[in-house]
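Chemist: fold the stuff below for me.
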Amino acid sequence: MTVVAFGLRHAVRPVPVPVDWSGIHFDPDRQISMITENGVEMPALKHSTGQTSTNTAGQDNKGGADKDADRTED
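Modeler: Sure thing, here's the model as predicted:
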């Protein structure tokens, strides 16, 4: 029996997929990549998922819950 690492047991060879790069451009004002498809322009990737809220209270916190809010970034 051949020993195979667990992560390689279900690995498959990648299949190249053709990509039309002509519809992708960088918007210097918004500082993001944009895709134009069928005349519609949209962000290539979502830059932020919005505001997060984290309860930073721990077991040693005697002053009550402490909330923290941030914005996620890529």
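Chemist: please make it C-alpha for all contacts and neighbour counts, starting now.
Modeler: Will do.
Chemist: give me the low-pLDDT residue ranges for this structure?
Modeler: Within the chain, the stretches with pLDDT under 70 are 46-74.
Chemist: could you pull out the strands for it?
Modeler: 24-27, 32-37, 40-43, 51-55, 67-71 (DSSP state E).
Chemist: correct me, but residue 45 touches residue 31?
Modeler: No - taking contacts as C-alpha atoms under 8 Å, residue 45 lies outside contact range of residue 31: 11.5 Å.
Chemist: for residue 3, what are phi and psi?
Modeler: Here is the backbone geometry of residue 3 (degrees, to the nearest 10): phi -90, psi 120.
Chemist: how many neighbouring residues does it have?
Modeler: The number of residues packed near residue 3 is 6, by other C-alpha atoms under 10 Å.
Chemist: swap in residue 32?
Modeler: As a burial measure, residue 32 scores 14 neighbours (other C-alpha under 10 Å).
Chemist: just give the closest residue to residue 32, not the sequence neighbours.
Modeler: Excluding the flanking residues, the one nearest residue 32 by C-alpha to C-alpha, 6 or more residues apart in numbering is residue 26, at 5.9 Å.
Chemist: so the one you found makes contact with residue 34?
Modeler: Yes - counting by C-alpha under 8 Å, residue 34 is a contact partner of residue 26 at 5.9 Å.
Chemist: what are the buried residues along stretch 36-48?
Modeler: residue 43 (16 or more other C-alpha atoms under 10 Å).
Chemist: now swap in stretch 15-35 and tell me
Modeler: Buried, per 16+ other C-alpha under 10 Å, within stretch 15-35: 24, 33-35.
Chemist: just put the residues you listed in CSV and tack on distance to residue 5.
Modeler: Converted to CSV, these look like this (distance: C-alpha to C-alpha, whole Å):
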residue, distance to residue 5
24, 39
33, 38
34, 40
35, 39
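Chemist: can I get the CA coordinates of stretch 7-24 in PDB?
Modeler: Extracted C-alpha coordinates of stretch 7-24, given in PDB (Å, rounded to 0.1, in the frame of the first residue of the first chain):
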ATOM      1  CA  GLY A   7      -4.400  16.500   1.700                       C
ATOM      2  CA  LEU A   8      -3.400  14.900  -1.600                       C
ATOM      3  CA  ARG A   9      -5.900  12.000  -1.500                       C
ATOM      4  CA  HIS A  10      -8.600  14.100  -3.200                       C
ATOM      5  CA  ALA A  11      -6.400  16.500  -5.100                       C
ATOM      6  CA  VAL A  12      -7.100  16.900  -8.800                       C
ATOM      7  CA  ARG A  13      -5.100  18.400 -11.600                       C
ATOM      8  CA  PRO A  14      -6.100  22.000 -12.400                       C
ATOM      9  CA  VAL A  15      -8.000  22.600 -15.700                       C
ATOM     10  CA  PRO A  16      -7.100  25.900 -17.300                       C
ATOM     11  CA  VAL A  17     -10.100  28.200 -18.000                       C
ATOM     12  CA  PRO A  18      -9.800  30.900 -20.600                       C
ATOM     13  CA  VAL A  19     -10.300  34.400 -19.300                       C
ATOM     14  CA  ASP A  20     -11.100  37.500 -21.300                       C
ATOM     15  CA  TRP A  21      -9.000  40.100 -19.700                       C
ATOM     16  CA  SER A  22     -10.200  42.900 -22.000                       C
ATOM     17  CA  GLY A  23     -13.200  43.700 -19.800                       C
ATOM     18  CA  ILE A  24     -11.100  44.300 -16.600                       C
END
